[in-house]
Each structure stands twice: as structure tokens, then as C-alpha cells.
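> 3D model of this:
(2 chains)
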Amino acid sequence: MFDFFKRLESPGVKEQSWRSQKLKTSLKENLTTLHFILADCYDVVFREFTFAQLPDIRLALIYVDGLADKIQVSNFVMRSLSLEVPPALPKEYKITKAQAFDFIRDRGLCIHQIGEANTLGEVIDAVMSGDTALLIDGHAKTIINGARGWEARSIEDSKTEAVVRGPRESFVETLRTNTSLLRRRIKNPALKIEIMPIGKITHTDVAITYIKGVVYPGLVTEVKERLSRIEIDAVLESGYLEELIDDNPLSPFCTINHTDRADKVAALLLEGRVAIITDGTPYVLTVPTLFNEIIQSPEDYYQRYFFYSLIRLIRIAALIIFLTAPASYVALLTFHQEMLPTALLLSIAGQREAVPFPTLVEVLIMDLTFEILREAGIRMPQPVGQAVSIVGALVIGEASVKAGLVAPATVIVVALTGIASFTLCYSGTLPLRLIKFPLTMIAAFTGLFGLICSLIILITHLASLRSFGIPFLYPVMPLSPAELKDVVVRAPWWALLTRPHLLGKENLHRMKTGLKPRPPGERK
Amino acid sequence: MIYATLILFIPQNTVAHAKQDAWLSFLIAFAGGVLISLVVINLSLRFPGKTLFEYLPLILGRWPGKIIGFFYVWLFIHFCALVDREYCSTIVAAFMPETPLVVFLIHGTTMSAYITYCGLEVLARINQLFLPLNAGLLTILFALATPEMKVANILPVFDTGLLPLVKSTITPLSWFGEIITLAVIVPYLAEQKNVYRLTIKALFFVLVLIEIATVGVLLVFGPTLTSSYFFPVLSGTKMINIANFIERLEIIPIVIWITSGTVKGALFLWAAALGSSQLLGLKDYRPLILPLAVIVTSLSYLLHPSIIDLLNFLTQTFPFYALTFEFGIPFLLLIIVLIKGSGKK
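Residues are numbered from 1 along each chain as shown, chains lettered A, B, ... in the order given. Sure, this is the predicted structure:
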């Protein structure tokens, strides 16, 4: 019982009283303590050796096998210290035991990144994150070598947001690689990357990324404040943070978007947003999130604007179809048959003649089947993929119609709904997929009137949401007509003069005016 | 970011006395509406940051002010009940005669109550979506009805004479007078300086929408038929049939009615809830929404036995009753303020 309450107070690991303990001068004592702390850590390597310059001095390296770059450690730390230092120096040059630390730090190591530590906690943290600690006998501090190197997935195509034209690079699980992807796109010191470790056990690095001068300063403060509130044992994915810093914890709608596309994050940063990169996951959180991101794709900005304006309109249509098609179908067939043109009504009535279920049941069964197929498609082992698609497409689609269990029109409606959802940003469609079911049921009981009522309630709910102070439905509500140039259509680049007003009010103008290409004679 | 466009047009249930000159009577009513809004805004600006319910006791003294304030709470409750009843009755009468009216009333009030619960800001934002949507739908609707229109239907102009014209103005004037709600809203507006301009703009926008509906219906049916229909706009929609494909568009007026009715109901409910909380000295108006919503629902169900009774009330009794509160009392208040010299100049 008491144990339970204590855990509520501090979610970390208990036996960490040594964290603030200072290192001793004696190497032996230090090693004993470290051995004790790192007992049963099979992957930690202790390597003792003698300093070439002064055989009295014993040195010890501590690193985690697999996290430290073994080639660097053995070549540029061990080799230089145990073999190569004497030839590089004049013969008469002698150092004492007291000078050893400074000498090794300044002249002995060929490692690009070096730090010092003098508490056990710092040493252990460094070793656990992949650095190599060098203990020197007679000195109560260590040198931390930043020779990290571990097996990581290489940079690949984005798996969730595909584009035809545009950069192929997407984030990976390593934080440093991810920040490098951003830095390569924004080569400017204004791109700030601040690190904050979160997770009492996991010590996960979380990077708060923004462009100074573009972002509204209050936003960065707010993000930091919300993140520093978190006291949790582990952060294994950015989803943990997402739910802990969300403005609307009780809403099905997530007001924090995530993406694994580096170019998208760069573009969002340039609009005045803040990105939260979590070590260990390719999914980067971007705040504030607006609802219109559901119909935006990075490719819109790379392809010719005429066609992609049409695509935007198609996506809006898809959004409406996705949300309301099954519900309106059920409402029309259950209550408002008179609203359908007679020929269409006759055709549907003909199809439904042999169907044993009411429309609602039919639609729900098909919708459920589709959701199951979709889930199976994600979850199944890849080799059985074909089987599922054959069963899904042929058996359930074709056979259920042939068997007279569902009307072809229902299959069309449900399939259309499913396909429509794929045109939208995947994460944004999840709450809508959930809401679709109650909407269909309400439509079956109260018809179009109930459907309209529930849509009004839905819109009210959306209008009441905020993401880090920005209204979720901006720029539609509150209406900012000039902003619709990047929502309803995608205006050409020479017309996208300003950042979204609420987000980028610090630095509103993206470019010079009058950049529309003109023949040489008419240029100003 | 709150605009003064919070007033919404009411569907035209009656194009009554003025026959083909009905559109003229709206022009006159618009002028009256502007006058009322000027009085109300002037009054509000004299007491910056205070709503009607807060400055009433300042002008009239503690108890008389509170009593008049409760009359206004009643007025807003009644308005809300009437709005709900109007569009719900329409749906029942025109579409679902077998469904009990109370079902629609409960739906409608629930929506309004939810919007009210989310606050004035959400209410304004929703209106920002619905108003252009409704304006667009209405315009499309009457654009589609153009094949049925005959200009002869609104000729001759000025044939009815002045007295019937003025008589016909009173009902629309009482609708425009619902801008009295501004007395509660003004303190919450972001741009205090532009209130006059914004309000007149909003009223003008309402006028344009009403004129589109009125003139459209008159052009399609002519005055005699129009006044004989309960829901001329709906009947006008039924006439639309383009290429045997675009037809049965009744859903459009229904959407317009439900959306605008809900927002309007929510606005009055908000005003009533806020008013009663301020009069009773409560910090938050939210706990009052549920009881008020229940009152509104039952009130709108019980007030009128039938839609004919409702229409009679709206055209014959309502204008005088409403205008007392919309124009009479604010005007008297302004005079008192001017004489006593209280408030900010």
C-alpha cells in the first residue's frame, strides 16, 4: 500500500541515491562503485589499460557495446593513449600525474566531441546514451568521449505520406539524424533545437525545434512549459507526449499532428510552428495543428498549382463524402425516398428486393467489414498479404452481393467512403472514422434532420477546440478570407505572400511582392 | 474576432399586407432596425464593459433595474422559444407530419444549448461558417428558380398605397428589432470603435438576404399566391426542376432554417443565461443553461397549439409586444441617461 503511494510521487527508478555522488580520486574505488551500479549489465564494457606516457597512470574506458563506435574508441582513444602518444612528443617532455588529465584532454584524444563529468549520475547518463567515459587514476573527474555509433535504420521513403514529386527522405528513429535532416533544409542559425530529457527511466531526449524570429515566442514558452510538466517513467513514442500536452484531452479529435516527412516539418516550422522531435521514433509532433492540415499534402506545393487546386477541392469533397456518405445513404433510403430521382430509387429498390436486412444493418455490416479488412491489412504479416486482399475484395465484396446479403449500391457507398478516406491525411481521418458510426446510426433513427443536427454539434465541437491557443478550425472559423488561398485551393507560390496570420504574426511576409513572372520588358 | 453579424434572417413566413411591394416594406423596416441599433449601441457605449443587465440597475436604481432586467431575460427566453418553434413547426408541417413536434424541439434546443455551453466565441465562429453558407445556398436556390420567375409578378410598383405599406412594415421591423441582443453582446466585441459600422453592415447584409428571398418568391408566385402559402420559400424550391435532374431541393431551405434557427436560438439562450446569471450575481452562466433549455423547450411546445396560431401571433401580437422591449424601453432608457447625465459621454 505504502509502496503504491510512493510510486505515485516519483515515477523513476528507486535506487538512485548515487546520482549526485562525486567521483573519487582513486580509480579503483571509482571502478568498484561503477561495477556495483552497472552490475548485471551485460552490454557494458570496462577496459583498463596503462597510459603510454606515464606507466603509473592507469586508465579505464567504460562504454556500452553496440552504442559506442568501437572503431573510434579503439583507434582514437585507446590506441593514441596506450601506444601513440610518446612518438608525437619531444623526448624530454615529461608529465606528472597531476597534469595527466589536462594533457590527455588537450593532446591525447582524437575524438571530435569531448566533455567532462564529475558525478556518477553524469557518467552513467553519458555511458547509457552511447558516450564513452575515460577514467583517469588520480583524478576525480572523467572525460566523456562523444564517439557514438549504433546500428540504425537508413533514411527511407515516407511510409505514411507518399508523394509523386518531392523529397523522398523521411525521419528515422535516431534523433541526431532527424535534426540533421532539418538542418540540411534550413541552413540558418535561427533554427533552434533545444533538448529536454523526458522519462524518469528511459531518459528519452526530446528536441523542441523552432525558427527564431518566425515563431511566436509565447508558443515556444508554452510548449516548453507543457513538456516540463511531464513526469512519466517512459516515453517510447511521440504519442505519449501528444496525449500529455494536448489542449483537448476529452475530444476524439487530436489537435497535435504528427508526420515523418522532413520537408513537411520544415515547411511547418517556416509557417511559425514548433516541432517536437522524440528520440526513438520517426514521428515528429507539430504544434499548433489546424484542421485544414487534413486536406494538405506536401506535394501540393511542388506540383503545378492549377491541378493541385483541383485536388484540394477533391479532397474537401472526399472529406464530406467520407464523413456523411453512409449516413446520408441510410437516411435517404430509410426516411426520404422521395428525395431520390424516381429512376434511381427504382434501381436501388430493385437491388434491395432480395436483401434480408434493413439498410442500417447492411451499411453497418459492410462498414465494419471494411474496417476489419483495413486493420487486417496493417496488422497482418507481410507474406499473407495477398490472401487477405483476395478474400477481402473477392469473397466479401463480390460474393456477398451475389449471395444477396447486401445490395450492390451499399457496397458502392461503403467502398467510396473507404477510398475517400485515403485521399486525406491518415492521422486526421482517425477521429472521423470513429464518428462515422454514430452518425450512421443517428441517421437511421432520425433521418436527415438528425444528421444535420449532429453535424451542427460536430462543427460546434470543432469550433470550440484550440491547439496551443490557435482555433482548430482557423482560417475557416474564425474566418480569414485571405488565408483560404492555401486551404480551399493552393494559390501559386508568387501569391502565397504571407504566412498564416495567426501563426506567423511575428514575421508575416514570406517573400517580396510582385514576384509573379513577367516578360523582361515589364519587370520592375 | 466577434462580428456583429450575429443577427440572422428569418425565413419569410408572411408576405402579407404589402402584396407585390413587400420588398419595399423590408427597406423601411431596415431603416427602423438601424434606428433601434443606434439607440442600443449608443446606450451600451455609455457603459463600457457592461451588458444591458448590468447597466439597467445603474440607470433605474437597484430594484427597478433588476425587475426590468428580468423582463428582458423573459424576452430572450421567449424569443428563443419562438425561433425554435418556427423552424421546427415548419419541418413538421412540410416534411414529417407524423413525427411529434416535441422531438424536433428537443433536438433544436439541445443543439442551441450545446453551442451556448461552448460560449459566445464559438457561437460567433459557427455563425461565421453558417452565414456565408446560408447566403450562398439561398442565392443558388433562387438562381436555379430563375426559369420560373416572371417580372410581371412584382409590377406595378407602389400600387398598394402608403398605409398598407406601413402596416406591413411592423412585423419585419420587430424582427430587425431583435438586434436588441446587441445590448448584451457589445461589451464582448473585440472592436468597440467600429460597432456602429459593423452593425449597420450586418443589418444591411440581413436586408440583402431577406430581399433575395422575398423578391425571389414574389417573382415566382406573385403576391396572391405567395400570401396564401405558409412557406413560400419552400414552395418556391419545389418549383425547381432543371433537366429532370436537379430537383427536389427542399433540403436546402431546411438546412438554412435549421442552421440559422439553431444559431439564433443559441444567441438568445446565451443572452438569457448570461442575463439571469448577472442579475442573480452568479459568476458563471453555464449551470443555468440546462434549466433554461428545458424551459425553452416546454415553452415553445406549449405556447401555441398550432402553426396557424403561431403565425397569427407573429404577425398580429408579436410586433407590438416585441417593439416595446426592442425600441420603447431602450429609447426611454436613453432619454433618462441623457437627462441624468449618467454614464460615459
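
> close enough to count as contact, A:R273 and A:V284?
No - in this structure, A:R273 is not within contact of A:V284 by Cβ atoms under 8 Å, at 10.8 Å. (C-beta placed from N, C-alpha, C; glycine too.)

> How far away from the center of its chain is the longest helix along chain A?
Assignment by DSSP state H gives helix A:426-464 as the longest helix of chain A. Distance of helix A:426-464 from its chain centroid, counting by Cα atoms, centre = their mean, to the nearest Å, is 27 Å.

> what's it packed up against?
Here helix A:426-464 touches strand A:257-259, helix A:305-334, helix A:359-379, helix A:408-422, helix B:101-118, helix B:120-144, helix B:251-280, going by 3 or more Cβ pairs under 8 Å, 6 or more residues apart in numbering or on different chains; DSSP states H and E.

> To A:P189, which of these lies closest?
Proximity to A:P189, assessed across the helices and strands packed on helix A:426-464 by Cβ to Cβ, is greatest for strand A:257-259 (24.5 Å).

> Give me the contact list for that closest one.
A:160-161, A:238-239, A:242, A:265, A:283-287, A:289, A:293, A:425, A:427-428 (Cβ atoms under 8 Å, 6 or more residues apart in numbering or on different chains).

> so what's A:I256 up against?
A:242, A:245-246, A:285-287, A:289, A:467.

> correction: A:Q303
Residues near A:Q303 by Cβ under 8 Å, 6+ apart: A:164-165.

> coming back round to it: more neighbours, A:R273 and A:V284?
Between A:R273 and A:V284, counting by other Cβ atoms under 10 Å in any protein chain shown, A:R273 is the more crowded of the two (31 against 26).

> Smallest gap between the stretch 301-450 of chain A and chain B, at which residue?
In the stretch 301-450 of chain A, the residue that lies nearest chain B is A:M339 (5.1 Å; Cβ to the nearest Cβ).

> From what I see, that residue and A:Y329 are in contact.
No - counting by Cβ under 8 Å, A:M339 does not reach A:Y329; the two are 11.8 Å apart.

> Among the two, which residue is more densely surrounded?
Between A:M339 and A:Y329, A:Y329 has the larger neighbour count (other Cβ under 10 Å), namely 24 against 16.

> Look at that one and report its pLDDT.
As summarised for this prediction, A:Y329 has a pLDDT of 93.

> and if you look at A:R229?
Each residue has a pLDDT score; the one for A:R229 is 92.

> For beta bridges, what are the partners of A:M196?
Taking DSSP bridges as the rule, A:M196 bridges to A:V206.

> Which elements pack onto the strand or helix carrying B:L27?
Assigned by DSSP states H and E, B:L27 belongs to helix B:22-46. Under the contact criterion of 3+ Cβ pairs under 8 Å, 6+ apart, helix B:22-46 touches helix B:52-60, helix B:162-176, helix B:182-185, helix B:195-228, helix B:329-340.

> could you dump the shortest one to PDB, C-alpha only?
Just to be clear, that refers to helix B:182-185. Extracted in PDB, the C-alpha atoms of helix B:182-185 (Å, rounded to 0.1, in the frame of the first residue of the first chain):
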ATOM      1  CA  LEU B 182     -26.500  43.700 -29.100                       C
ATOM      2  CA  ALA B 183     -27.100  45.300 -25.800                       C
ATOM      3  CA  VAL B 184     -25.700  42.100 -24.300                       C
ATOM      4  CA  ILE B 185     -23.100  41.500 -26.900                       C
END
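
> Poorly predicted segments of the chain, please.
As the question left the chain open, I've gone with chain A. Scanning chain A for pLDDT under 70 picks out A:1-16, A:85-93, A:524.

> not what I meant, chain B
For chain B, residues meeting the criterion pLDDT under 70 lie at B:1-22, B:154-161, B:224-231, B:243-247, B:342-345.

> switch to 90 and redo it
Confidence mapping of chain B against pLDDT under 90 gives the ranges B:1-65, B:79-80, B:82-104, B:107-108, B:118-268, B:280-284, B:301, B:303-345.

> mind listing what the closest residue in space to A:L458 that isn't next to it in sequence touches?
For A:L458, ignoring the flanking residues on the chain, the nearest one in space by Cβ to Cβ, 6 or more residues apart in numbering or on different chains is A:I435 at 6.8 Å. In this structure, A:I435 makes contact with A:252, A:323, A:458, judged by Cβ under 8 Å, 6+ apart.

> and the second one, what does it touch?
The contact partners of A:L323, by Cβ under 8 Å, 6+ apart, come to A:432, A:435-436, A:439.

> Most neighbours out of these, which is it?
A:L439 (23 neighbours).

> before we move on, back to that, could I get the helices and strands packed on helix A:426-464 as TSV with distance to A:R183?
Listed next are those as TSV, based on distance: least, Cβ to Cβ, whole Å:
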stretch	distance to A:R183
strand A:257-259	17
helix A:305-334	28
helix A:359-379	33
helix A:408-422	33
helix B:101-118	42
helix B:120-144	38
helix B:251-280	48
